[in-house]
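Colleague: starting from these lines, generate the structure:
(one chain, ligands or ions: 3)
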Amino acid sequence: MHSFAYRENALFTFSVTTLAFICAIASFSDNFSNQTPSAQMEVSLTLNITARLAVTIYLEHKAEEMEVKARAPGKIILAGEHAVVHGSTAVAAAIDLYTYVTLRLPLQSAAENNDRLTLQLKDLSLEFSWSVSRLKEVIPCDSSTSSPASCSGETLKSIAVLVEEQNIPEEKIWLSSGISTFLWLYTSIRGFSPATVIITTELPYGSGLGSSAAFCVALTSALIASSISDKTHREGWSSLDETNLELLNKWAFEGEKIIHGKPSGIDNTVSAYGNMIKFCSGEITRLQSNMPLRMLITNTKVGRNTKALVSGVSERTVRHPDAMKSVFNAVDSISKELAAIIQSKDENSVTEKEESIKELMEINQGLLQSMGVSHSSIDTVIRTTLKHKLTSKLTGAGGGGCVLTLLPTVVSGTVVDKVVEELESSGFQCFTASIGGNGAEICF
Ligand SMILES: Nc1ncnc2c1ncn2[C@@H]1O[C@H](COP(=O)(O)OP(=O)(O)OP(=O)(O)O)[C@@H](O)[C@H]1O
Ligand SMILES: C[C@@](O)(CCO)CC(=O)[O-]
Ligand SMILES: [Mg+2]
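Modeller: Ligands and ions are numbered 1, 2, ... in the order given. Take a look at the predicted model:
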C-alpha cells in the first residue's frame, strides 16, 4: 500500500518536471539565438539542471524500490547490571556508537520478480538469503501479528531450521541467535515479503555495549518506519513519535528475549529512548545529568555471551536465595544513590560527587564479583587503572567484554594517555564515547 504511495509520488514529480522541461524548451527555442551570450548561458544552465532532475527522478522510479534507514545506539550501564534482571534498579546511558539498518523493499512490479529476503552483514562480509516461499513453508503463519508478541518455542525451532540451512561459518556461529531474531522480527512485523536488509555496526559484538539491543532496536525502527504513511524526504536523522517508540521498544524486547533468554529490557529501552535512564522492573525514569561524566571504555576483547551469564546468576540465586537477595538489594541502593547524585543540583562540588560515584562503582564491582560475572581480564583492567587512582567496573553482562573507568574532571590528559598506553600494551582496546545522546532514529 505504502509502496504505491511512493511510486505515485515519484511519477507525479516526474511528470511535473518533464512538463517544466518541455515548456522551457518551447519558450526559449524561438528567440534563443537572439539572446546575449550570458542569457544563452543562463538558459542552457536551466535546461541542463531541469534535465538532470528529470533523469534522476526517472532513475529513482526505475529503481523500483523503497529505502528506509534506521540507527540505534549502544549503551553503558553505570550501575545495576544483572541485579536489574531480578527487580533491582539500574542506571544506563546511550553512547554515540550505532548499529545501522538499511531496508530495501521492492515496489509491487519488481516484487513479482524478486522472491527473496536477504540479510547482509556488511562488516562481516556475510550474506544470508531465503526465498519467501521457503519462509512461508517453515515459519508458522500465525507468527505475523500487528502487536508485539513473544516468539513461541515451536516457532523458534522452525526458525532455527532456516538458520541452519545457511551454513554459518563455525567461527561465526554466535551469530545464529541474531539471525533467528532477524527472521522473527522481520516476518512478524512485515509478514512474508521480499526485501534486502543491510546491517553495519560501530559496536563490538557481545562486549557489554548492548550490540544485541541496538541490533533489535535499529531493525524494528526500520521495519516500523517502512509502514509509516508520511515518507516525505527529510534531511538527516529524525526521531520517531512516542507511539512508534513505545511499539518498537516492545518488539525489540521480544527480539532481545531470543538473544538473552531473560532480559530485563534496560538495554533495548535505553537504545530506543536514548539519554540516561533509571530502570526498574520495566519502569523508566529519564535522568537529567547535572554534572560532567567522562568514562574510559576498555574492551578486554574476551568474548562472552550475555544469555549464559544471566542464566549463571539465576542459578546462583536458586542455590542461595537469601544471600543473593541481599546482594540485589545492595545494588538497588547503589543505583538509586548514583541516579540522585547525577541529577542533584545541590552545592556539593563536582569533585565530591565524583568521589561518591567512584565509591559506588567500587562497591557495585564487588557485588558483581559476588554474582560470579567478573573475569581475570576485568581484574587486570581494575588493577591497572587503580595504579593511577582511577576506579573501574565492568559494564553490561561481564565475563570479559567492556570495563568502564571514571575519568574525574581533575585527571589530566597525560594521566589518561598513560593509562590507555598501559591497558593497550596488555592487548586491550580503549576508547571514549560521548554519553547520553540520541536514541533510535530513522531516515527516508
Ligand atoms: N549487528 C548485528 N548483526 C547480527 N547479530 C547481532 C548484531 N549485533 C548483535 N548481534 C547478536 O547479538 C549477540 C550478542 O549479544 P549479547 O547480548 O551476548 O552481547 P551484547 O549485547 O553486545 O552485550 P550486553 O548484552 O552485555 O550489553 C551476537 O552473538 C549476535 O547474535
Ligand atoms: C546483564 C544485563 O543486566 C545487562 C546486559 O547489558 C542483562 C539485562 O538486563 O537484560
Ligand atoms: Mg545484549
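
Colleague: contact residues of this protein facing ligand 1?
Modeller: Proximity of the chain to ligand 1 (C-beta under 6 Å from any ligand atom) is limited to residues 99, 121, 174-175, 177-178, 199, 201, 205-213, 215, 259-260, 267, 305-306, 396-397. To be clear about C-beta, it is placed using only N, CA and C from the backbone, and glycine gets the same treatment.

Colleague: return a PyMOL selection command for the buried portion of the residues you listed.
Modeller: Applied in PyMOL, the following selects the buried portion of the residues of the chain next to ligand 1 according to 16 or more other C-beta atoms under 10 Å:
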select buried, resi 99+121+175+177+178+199+201+205+206+207+208+209+210+211+212+213+215+259+260+267+305+306+396+397
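
Colleague: of the residues of the chain next to ligand 1, which belong to helices?
Modeller: 177-178, 211-213, 215, 259-260, 267, 306 (DSSP state H).

Colleague: so which of the residues you listed reach ligand 2?
Modeller: 260, 267, 306.

Colleague: which ones are touching the first one?
Modeller: The neighbours of His260, taking C-beta atoms under 8 Å, 6 or more residues apart in numbering as the test, are 212, 306-307, 310.

Colleague: is ligand 3 contacted by stretch 163-178?
Modeller: No: using C-beta under 5 Å from the ion, stretch 163-178 stays clear of ligand 3, coming no nearer than 9.9 Å.

Colleague: which residues does that stretch contact?
Modeller: 121, 124, 126, 128, 130, 160, 179-180, 183, 205-206, 212, 215, 258-259, 303, 305, 307.

Colleague: got the CA coordinates for it in PDB?
Modeller: Provided in PDB are the C-alpha atoms of stretch 163-178 (Å, rounded to 0.1, in the frame of the first residue of the first chain):
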ATOM      1  CA  VAL A 163      19.200 -20.500  10.100                       C
ATOM      2  CA  GLU A 164      21.000 -23.900   9.900                       C
ATOM      3  CA  GLU A 165      20.300 -24.100   6.200                       C
ATOM      4  CA  GLN A 166      22.500 -21.100   5.800                       C
ATOM      5  CA  ASN A 167      25.700 -22.900   6.900                       C
ATOM      6  CA  ILE A 168      27.100 -20.100   9.000                       C
ATOM      7  CA  PRO A 169      30.900 -20.400   9.300                       C
ATOM      8  CA  GLU A 170      31.800 -22.300  12.500                       C
ATOM      9  CA  GLU A 171      33.800 -19.300  13.900                       C
ATOM     10  CA  LYS A 172      30.700 -17.100  13.500                       C
ATOM     11  CA  ILE A 173      28.200 -19.500  14.900                       C
ATOM     12  CA  TRP A 174      27.500 -17.000  17.700                       C
ATOM     13  CA  LEU A 175      25.500 -15.000  15.100                       C
ATOM     14  CA  SER A 176      22.800 -17.700  15.000                       C
ATOM     15  CA  SER A 177      20.700 -16.100  17.700                       C
ATOM     16  CA  GLY A 178      20.900 -12.700  15.900                       C
END
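
Colleague: residues of that stretch that come out buried?
Modeller: Under 16+ other C-beta under 10 Å, the buried positions of stretch 163-178 are 163, 168, 175-178.

Colleague: kindly report the same for stretch 284-294.
Modeller: Neighbour counts using 16+ other C-beta under 10 Å place 284, 287, 291, 293 of stretch 284-294 among the buried residues.

Colleague: next one: stretch 214-234
Modeller: Result for stretch 214-234 [16+ other C-beta under 10 Å]: buried residues 214-226, 231.

Colleague: end to end, how far does it reach?
Modeller: Stretch 214-234 stretches 23 Å from its first residue to its last (C-alpha to C-alpha, to the nearest Å).

Colleague: show the average pLDDT along that stretch.
Modeller: Mean pLDDT, stretch 214-234: 88.

Colleague: relative to the whole chain's centre, how far out is it?
Modeller: When C-alpha coordinates are averaged (C-alpha atoms, centre = their mean, to the nearest Å), stretch 214-234 and its chain have centres 13 Å apart.

Colleague: just to revisit the earlier point, return the member of the buried residues of stretch 214-234 nearest to Glu354.
Modeller: Ala214 (28.4 Å; C-beta to C-beta).

Colleague: for Ser226, see how far away that closest one is.
Modeller: Distance of Ala214 to Ser226, given as C-beta to C-beta, to the nearest Å: 19 Å.

Colleague: what about the closest residue to Glu354 other than its chain neighbours, which SS state?
Modeller: Spatial nearest neighbour of Glu354, chain neighbours left out: Pro408 (4.3 Å); criterion: C-beta to C-beta, 6 or more residues apart in numbering. Put simply, Pro408 is coil when judged by DSSP: H, G, I helix; E, B strand; the rest coil.

Colleague: next, count neighbours for Pro408.
Modeller: By the measure other C-beta atoms under 10 Å, the count of residues near Pro408 is 18.

Colleague: what sits against it?
Modeller: Pro408 touches 294, 351, 354, 358, counting by C-beta under 8 Å, 6+ apart.

Colleague: give me the nearest residue to the second one, chain neighbours excluded.
Modeller: In space, Thr351 comes closest to Val410 once its chain neighbours are excluded; the distance is 6.5 Å by C-beta to C-beta, 6+ apart.

Colleague: so what pLDDT did that neighbour get?
Modeller: pLDDT at Val410 comes out at 93.

Colleague: contacting residues around the most centrally placed residue in the chain?
Modeller: Against the mean C-alpha coordinate of the chain, by C-alpha atoms, centre = their mean, the closest residue is Ala214 at 2.1 Å. Contact analysis of Ala214 by C-beta under 8 Å, 6+ apart lists 72-75, 98-99, 201, 203, 271.

Colleague: if we use 10 Å, what do you get?
Modeller: Ala214 makes contact with 71-75, 94-95, 97-101, 201-203, 252, 267-268, 270-272, 440, according to C-beta atoms under 10 Å, 6 or more residues apart in numbering.

Colleague: tell me which residue of the stretch 251-400 of the chain lies closest to ligand 3.
Modeller: Thr306 (4.5 Å; C-beta to the ion).

Colleague: what about that residue, distance to Pro263?
Modeller: 8 Å.

Colleague: give me the common contacts of those two.
Modeller: 212-213, 256.

Colleague: quick one: mean pLDDT over the longest strand belonging to the chain.
Modeller: Assignment by DSSP state E gives strand 90-106 as the longest strand of the chain. Strand 90-106 shows an average pLDDT of 97 in the prediction.

Colleague: so what's the gap between that strand and the chain middle?
Modeller: 2 Å.

Colleague: for Lys393, give its distance to Phe215.
Modeller: 25 Å.

Colleague: ditto for Lys262
Modeller: From Lys262 over to Phe215 (counting by C-beta to C-beta), the distance is 18 Å.

Colleague: residue of the stretch 51-200 of the chain with the smallest distance to ligand 2?
Modeller: Glu81 (3.9 Å; C-beta to the nearest ligand atom).
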